[in-house]
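Enquirer: Generate coordinates for the sequence data below:
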Amino acid sequence: MLLFLAKLNDIVNNIIDIIQGKETSEVQAHLHEDLEVFGSGMGEEDKTWNAVIRQALIAGYLSKDVENYGLLKVTEEGHKFLKKPKSFKITEDNDFEEVEEETPARGGGSCAVDPALYSMLKDLRKKLSKKLEVPPYVIFQDPSLEAMATIYPVTLDELQNIPGVGAGKAKRYGEEFCKLIKRHCEENEIERPEDLRVRTVANKSKLKVAIIQAIDRKVALDDIALSKGIEFGELLDEVEAIVYSGTKLNIDYFLDEIMDEDHMLDIYDYFKESTTDKIDDALDELGDEFTEEEVRLVRIKFISEMAN
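Expert: From the prediction side, this is the model:
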């Protein structure tokens with residue numbers, strides 16, 4: 001999912017570069033400077049166009065193609081809008097100090113529209129983590145909280161629109177978060193999108209389904225990667241996205257084959273005590289005898305068992 005978010009951010013930034021008339025290497029590589037819309041949005045700040053794109057997603061004028069890591073497509077509603085445009089409100093990104101990260105986000109700082117709500121959501125997550133005796137990132141990752149503080153989901157169905165939140169996580173942890181968001185919207189008279197569509201595509205791409213089925217059949221992970229024509233690291237990206245979204249996967253059969261039990265328990269115990277699931281921090285703490293792949297594999301086991 002983090003890879004998905006990174007790809008989506010790249011796509012949005014590229015669209016903004018085109019609208020702003022910026023001749024970046026990416027724009028020039030695809031001859032986007034020849035497009036009719038190139039430079040049509042000059043005069044507005046990047047954060048304004050970022051807010052417009054986000055609101056278009058919320059309103060259903062654009063959709064994210066999950067199977068292509070966030071490719072943006074104009075929906076049927078979007079084509080209707082182009083034929084008969086109408087005004088709609090946007091909430092511009094606010095400039096606020098970067099909040100300390102607790103999750104392994106590979107992008108930059110927080111991009112939540114509502115920093116006050118984002119802070120309250122983090123406080124709620126911290127409270128629940130103490131109550132349940134699990135690290136905060138096990139409940140929801142920071143990018144998920146940022147999305148909640150942007151589109152304001154108030155039902156469990158709406159919550160499943162949030163990146164990194166599947167049906168399992170929504171059911172297990174979501175109720176208190178939805179109540180907090182609803183109360184915040186009412187108290188501050190925040191206008192939620194009139195038509196927050198519940199999308200069912202979530203994280204069920206063909207590749208992910210195939211990976212889940214293969215793991216259920218106890219196919220070795222390196223064999224799965226080989227059969228799908230992807231690198232082992234790319235497979236781990238996919239498996240991480242699956243478990244972080246709330247789907248439980250049992251990879252013990254693979255870990256038992258490739259890793260000493262004591263070695264595995266050392267990594268598992270580290271994540272039980274750690275307040276972060278960042279791989280670099282884990283490698284620094286655990287030492288040179290542990291590889292990045294080993295740490296990622298045990299983190300998958302830990303998240304699947306503790307969060308799902």
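Enquirer: Poorly predicted segments of the protein, please.
Expert: The chain contains residues with pLDDT under 70 at 1-10, 58, 64-71, 88-113, 193-205, 307-308.
Enquirer: can you map out the helices along the stretch 1-150 of the chain?
Expert: 2-20, 25-29, 46-59, 76-83, 115-132, 136-139, 142-151 (DSSP state H, counting those that start in this stretch).
Enquirer: Out of those helices, which is closest to residue 172?
Expert: Closest to residue 172 of the helices of the stretch 1-150 of the chain is helix 136-139 (Cβ to Cβ; 8.6 Å). In this view, the C-beta of every residue, glycine as well, is placed from N, C-alpha and C.
Enquirer: Can you pull out the residues in contact with stretch 294-307?
Expert: For stretch 294-307, contacts defined as Cβ atoms under 8 Å, 6 or more residues apart in numbering pick out 134-135, 138-139, 169, 221, 236, 239-240, 243-244, 246, 248-252, 254-255, 259, 263-264, 267-268, 271-272, 277, 279, 282-283, 286.
Enquirer: Could you measure from residue 251 over to residue 301?
Expert: Plainly put, residue 251 is 6 Å away from residue 301 if you go by Cβ to Cβ, to the nearest Å.
Enquirer: Strands of the stretch 151-300 of the chain, residue ranges please.
Expert: Taking DSSP state E, counting those that start in this stretch, the stretch 151-300 of the chain contains no strands at all.
Enquirer: Correct me if wrong: residue 137 contacts residue 271.
Expert: No: between residue 137 and residue 271 there is no contact under Cβ atoms under 8 Å: 9.5 Å.
Enquirer: Between the two, tell me which one has more neighbours.
Expert: residue 137 (25 against 20; other Cβ atoms under 10 Å).
Enquirer: circling back to that earlier point, name the residues contacting each of residue 137 and residue 271.
Expert: residue 277.
Enquirer: coming back round to it: now restrict the contacts of stretch 294-307 to buried residues only.
Expert: Neighbour-count burial (16 or more other Cβ atoms under 10 Å) applied to these gives 134-135, 138-139, 169, 221, 236, 239-240, 243-244, 246, 249, 251, 254-255, 259, 263-264, 267-268, 271, 277, 282, 286.
Enquirer: Can you tell me the closest non-neighbouring residue to residue 219?
Expert: residue 227 (8.0 Å; Cβ to Cβ, 6 or more residues apart in numbering).
Enquirer: mind checking how far stretch 261-268 is from the chain centre?
Expert: The chain centroid and the centroid of stretch 261-268 are separated by 28 Å under Cα atoms, centre = their mean, to the nearest Å.
Enquirer: what comes into contact with it?
Expert: 255, 282, 286, 289, 290, 294, 295, 298, 299, 301, 302.
Enquirer: For the buried ones among the residues you listed, write the corresponding PyMOL selection.
Expert: Applying 16+ other Cβ under 10 Å to these, the buried members can be selected in PyMOL as follows:
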select buried, resi 255+282+286+290+294+295+298+299+301+302
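Enquirer: Where does the nearest residue to residue 271 once chain neighbours are set aside sit, in terms of helix or strand?
Expert: Nearest non-adjacent residue to residue 271, counting by Cβ to Cβ, 6+ apart: residue 302, 4.5 Å away. Take DSSP states H and E as the rule and residue 302 turns out to sit in helix 292-307.
Enquirer: I am finished for the moment; much appreciated.
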